[in-house]
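Novice: Take a look and give me a structure for this.
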Amino acid sequence: MDQSVAIQETLERKENCIIVSFANDVFFDNGTESRLLGLVESTKEHAIFIYTHRRMAITADDVSLEDIIPISLDFAVVEVSSPEELAVVGADTRVRVSYQEEELELRLPFGSHSRLFLSEVNRAWSDVCKSTTQAPRFEWISKYHKSTRDQGVVKQAPSPLGSTLTQLNEHKKTEKPSDQKGSLERDKGSSNSGTQKSRAYSNQESPGLSSREDRDDLVRSSSHTTSNKAQILAMPQFGLRDNLIKCELMKNEDIYTYLQNFSFFLGTYNVNGQTPKESLFPWLHCTSDPPDMYCVGFQELDLSKEAFFFNDTPKELEWTKAVSEALHPDAKYALVKLVRLVGIMLIFYVKNEHAAFISEVEADTVGTGIMGRMGNKGAVSIRFRFHNSDICVVNSHLAAHIEEYERRNQDYKDICGRLQFRQLDPNQPPLTIMKHDVILWIGDLNYRITELDVSNVKELISNKDFETLHNYDQLKRQIDEEAVFVGFVEGDIDFQPTYKYDTGSDLWDTSEKCRVPAWCDRILYRGKNIVQKHYQSHMALKTSDHKPVSSLLQIGIKKVNPDDYKRTFEEIVRNIDKMENECIPSVTLSKREFHFTDLKYMQHQAETLSLFNDGQVPCQFEFIQKPNESTYCKAWLTANPSKGFLANGRTVDIDFEVFVNRSTAPELNSGQEQIEDILVLHLERGKDYFISISGNYLPSCYGSSIHSLCQLKEPIQDMPQETLREMAEKSGDGNAENTEKPLDIPKELWMMVDHLFRSALKQEDIFQQPGLRSEFAVIRDCLDTGIPDSLPGSNHSVAEALLLFLDALPQPVVPFSFYQQCLESCSNASQCEKIISMLPQCHKNVFNYLAAFLRELLKNSASNRLDFNILATIFASLLLKSPTKQDFAEKRKTQEFFQHFLA
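Specialist: Next up, the predicted model:
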């Protein structure tokens, strides 16, 4: 949850919360307390706002402004972690903030977000130091110290400036040296001692997990070399020389590394929204020796609407505690990372003695639900470096239903393409899944057994003929066809299907649907030097309608020989010193002009530029901005990679990718923007190269205005470009006269709604289950060309195409100018109806038409499983859009407004 929204609500209009950080501990004389820190900017001045807060700050009501620290010449921030703390990868970072004569000490959680927060604070302070104008005056913060609340924008009255700092300063003055030593000794305690307030706990002593903050982002250990720990305050500088050394080290890795085997326990369990009712010991302690790592994934952790819409659930802590209590008893483990998206959760534990060698821990999530956003389906992932090997663990829950294997394939490709991990070097592009040495993929992949009826499947199971049964498995067939998981390995399956059972038993599904048993829950891996020791299900657990699955992998991890590394590094540096200033870098481009033909809305096209380093030295390249432009390319274009390092004699392929979305389509549809751009490729210490991009875009109803579409009685691609340009101009002119009567609603909208009205009123999970991207492309072409006469594709694809149509409107159904009135009247049904009556005629027609259709859907809720909350949540966000960033409170009000029209 983005807690900056809550802080932004406490600020005035011209004040902007740039970034928020959570402080685990702020040290006071009577103990420690957590706080939210917001870096706030106004009139080019910056200050740190300190807030007390509830467990999860969603709105301004959840936070209370306590203090403000101006970032001026009197400001400083330094890291004060002890040597013992610095030696721990994953340890929280202690920093001291000082202003004038006062000081504040706090602890920030391990991770890239804290690094980013401190980097932004340091940047703000550097700007003050470099400024040649007068010192900042900070007049804008004075209003926050008034004790009255009569000014609408001042939502809190903080204590006097510096009060938090003063409390700490008084504590530091009165604290005895022996007390300080005792404090340090307490902080030095082992992660498993239970004496320190630590988020890395052992499985034997697992303390009560009272809150999410009590378990996040931790690795604790007693010994480590500080060279592996990125310094938080001094963000690393990665110039040409650094990248050259890094590249040469990677090329010569075999010289200074050797392989050592480590055991990885992988587990996946779809818990069907249940709470832990039995010990997980039979699942997580099924190996004789304790594994070195545990990667434990859950799906359907919470099926409630609250979890779906607000991504918060108490079951996260319940299942985390159940896991911690069931880890192998012959070892002690530290919790490295937990990541969750709605009901998909991944927990990563490591043996305490290995914690020192875990670094570069990052996490990401991807929702693949309706419109590619909802998190009821998707994936969570953690990547990390262990010794010298990069490892990525993915836990996914793919689309359901036996016939939806193509949708599952699409989910897999979306996850691979969209999961990204920030690198330590902020100038480097994010890492994707496939850029790792080892990839471990677990989850409810939902592939089913096909072409056999229930009785045949159960007969094969009773005969334990799993090899024959596996031939009918959808995942095996899709892998054999190289449609998904290319390069991955799955061990032999010699256990019965893990889905679907009657909850609390080992009986196959006896419900009316009587689902065919299937191996939904799977574990796959990719990489070198991996041996699978076991792959099995665990029938003893009966909490869910799925059975958990586990796999034990022995993985060869690259370890560094320090002496060999030192010799290799010194040799590389000597060679670089010899040639660094001798030669000018140069490259050869495979071509300099690229043309994209017949581009369409949300249809990806790519062309490849091959860049060959024909010079005598390595080079660093980057696409740079042209004068008076804020980015290196137009919004519809990207270069991947946009910057990089190229060794001499090597080639890199750069993909120029064009993708027209809702933000770029309106101007392309109207002809106000063309597919034309010039890119500037810059070589550090070398020359610039110019690359021409051109193409033609086929206009679409997607990204066209309601007003323009109501004027079009023919398909949009049959219309001359000049006509579309004139219509777009009239669309922005409320006084323009129409020469002929327009359509009541866009014909494209009518085609989609009419199709759904006739075919999908009783469709299960309509507007909740995504369609296929390939079918959306055919539906889009049909709407834009008029061919064929009726819409192709499944009901789910047509439903998603409708949502995407509404999302792409340049001016939403309820125009931006009415947005504020809607919020103010959301609790008054008659006022809401009055606002709709004032909309432009074509917008009013569309709103009423959609509302009438949705009311028909609700009449069939017993079949389609829709309700007021689901429809209001989905459609309010599309029909009532904010002209600026919408906060959580506004979203609630738009839903309340729209619910009046669903009754």
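
Novice: any idea how far Leu118 is from the residue most central in space within the chain?
Specialist: Nearest to the mean C-alpha position of the chain, counting by C-alpha atoms, centre = their mean, stands Thr365 at 4.0 Å. Counting by C-beta to C-beta, to the nearest Å, the gap from Thr365 to Leu118 is 24 Å. C-betas here are computed from N, CA, C, even on glycine.

Novice: Pull the distance from stretch 887-900 to the chain's centre.
Specialist: With C-alpha atoms, centre = their mean, to the nearest Å as the basis, stretch 887-900 stands 24 Å off its chain's centre.

Novice: any idea of the mean pLDDT for it?
Specialist: For stretch 887-900, the mean pLDDT works out to 90.

Novice: Could I get the buried residue list for that stretch?
Specialist: Across stretch 887-900, burial judged by 16 or more other C-beta atoms under 10 Å covers 887-888, 890-900.

Novice: do stretch 604-616 as well
Specialist: Glu607, Leu609, Leu611, Phe612, Asn613, Gly615.

Novice: Please list all residues in contact with the fourth one.
Specialist: Just to be clear, that refers to Phe612. The neighbours of Phe612, taking C-beta atoms under 8 Å, 6 or more residues apart in numbering as the test, are Val587, Thr588, Ser590, Arg650, Thr651.

Novice: name the element it belongs to?
Specialist: Secondary structure from DSSP states H and E places Phe612 in strand 605-613.

Novice: Check which helices and strands the helix or strand that that strand is followed by is in contact with.
Specialist: Counting by DSSP H and E, the next helix or strand C-terminal to strand 605-613 is strand 619-624. Under the contact definition 3 or more C-beta pairs under 8 Å, 6 or more residues apart in numbering; DSSP states H and E, strand 619-624 sits against helix 240-251, strand 643-646, strand 676-683.

Novice: partners of the shortest one in the sheet?
Specialist: Based on DSSP bridges, the pairing partners of strand 643-646 within the sheet are strand 619-624 (antiparallel).

Novice: and the angle for the strand it pairs with with strand 605-613?
Specialist: Put simply, strand 619-624 runs at 140 degrees to strand 605-613, going by axes from the mean of the first three to the mean of the last three C-alpha atoms, to 10 degrees.

Novice: Show the average pLDDT along strand 619-624.
Specialist: The model assigns strand 619-624 a mean pLDDT of 92.

Novice: And for it, what's in contact with it?
Specialist: Identification of contacts with strand 619-624 by C-beta under 8 Å, 6+ apart yields 239-240, 243, 585-587, 611, 613, 632-633, 639, 642-646, 648, 679-686, 688.

Novice: Please indicate which of those residues are buried?
Specialist: Buried, going by 16+ other C-beta under 10 Å: 240, 243, 585-587, 611, 613, 632-633, 639, 642-646, 648, 679-683, 686, out of these.

Novice: Can you tell me how far Leu599 is from Asn661?
Specialist: Leu599 is 12 Å from Asn661, by C-beta to C-beta.

Novice: Same drill for those two, tell me which one is more crowded.
Specialist: Leu599 (19 against 15; other C-beta atoms under 10 Å).

Novice: Just give the nearest non-adjacent residue to that one, would you?
Specialist: Tyr697 (4.6 Å; C-beta to C-beta, 6 or more residues apart in numbering).

Novice: so what's that neighbour up against?
Specialist: Going by C-beta under 8 Å, 6+ apart, the list of residues near Tyr697 reads Leu599, Lys600, Val660, Leu668, Asn669, Gln674, Ile675.

Novice: Direction included, what does the strand or helix carrying Ile50 pair against?
Specialist: Taking DSSP H and E as the definition, one finds Ile50 inside strand 45-53. Neighbouring strands of strand 45-53 in its sheet, by DSSP bridges, are strand 31-42 (antiparallel), strand 63-70 (antiparallel).

Novice: of those, which approaches Thr543 most closely?
Specialist: Relative to Thr543, the nearest member of the strands paired with strand 45-53 by C-beta to C-beta is strand 31-42, separated by 33.2 Å.

Novice: Distance from that closest one to the middle of the chain?
Specialist: Centre to centre, stretch against its chain (C-alpha atoms, centre = their mean), the figure for strand 31-42 is 24 Å.

Novice: residues of it that come out buried?
Specialist: For strand 31-42, the neighbour count (16+ other C-beta under 10 Å) marks Ser34, Arg35, Leu36, Leu37, Gly38, Leu39, Val40, Glu41, Ser42 as buried.

Novice: likewise stretch 262-275?
Specialist: Residues of stretch 262-275 classed as buried by neighbour count (16+ other C-beta under 10 Å): Phe262, Ser263, Phe264, Phe265, Leu266, Gly267, Thr268, Tyr269, Asn270, Val271, Asn272, Gln274.

Novice: Flag the helix or strand of this structure with the lowest per-element mean pLDDT.
Specialist: In the chain, no helix or strand scores lower on mean pLDDT, DSSP states H and E than helix 177-187, which sits at a mean of 34.

Novice: still on that earlier bit, mind checking the helices and strands packed on strand 619-624 for the one nearest to Ala76?
Specialist: Counting by C-beta to C-beta, and looking across all of the helices and strands packed on strand 619-624, nearest comes helix 240-251 at 27.5 Å.

Novice: what's next to the next helix or strand after that closest one, contact-wise?
Specialist: Following helix 240-251 in sequence order, the next helix or strand is helix 253-256 (DSSP H and E). Applying C-beta under 8 Å, 6+ apart, the contact partners of helix 253-256 are Asn388, Lys558, Val560, Asn561, Asp564, Tyr565, Arg567, Thr568.

Novice: For the third one, grab phi and psi.
Specialist: If I follow you right, that is Val560. Note on Val560: backbone dihedrals following degrees, to the nearest 10 are phi -100, psi 130.

Novice: is it true that it touches Asn388?
Specialist: Yes. The criterion here is C-beta atoms under 8 Å, and Val560 meets it with Asn388 at 5.3 Å.

Novice: overlap in contacts of the two?
Specialist: What both Val560 and Asn388 touch, as defined by C-beta under 8 Å, 6+ apart, is the set Thr257.

Novice: How about Asp653, nearest residue that isn't a chain neighbour?
Specialist: Residue nearest to Asp653 in three dimensions, not counting chain neighbours: Thr608, with 5.2 Å by C-beta to C-beta, 6+ apart.

Novice: tell me the contacts of that neighbour?
Specialist: Thr608 neighbours (C-beta under 8 Å, 6+ apart): Ser590, Asp653, Ile654, Asp655, Phe656.

Novice: Any chance of a ChimeraX selection covering the buried ones in these?
Specialist: The following ChimeraX line selects those of these that are buried, judged by 16+ other C-beta under 10 Å:
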select :654,656
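
Novice: Which single one of the contacts of Thr608 is nearest to Glu512?
Specialist: Distances from Glu512 to the contacts of Thr608, taken as C-beta to C-beta, are shortest for Asp655 (49.8 Å).

Novice: residues contacting Leu802?
Specialist: Neighbour list for Leu802: Leu749, Met752, Val753, Leu756 [criterion: C-beta under 8 Å, 6+ apart].

Novice: Fine by me, thanks again.
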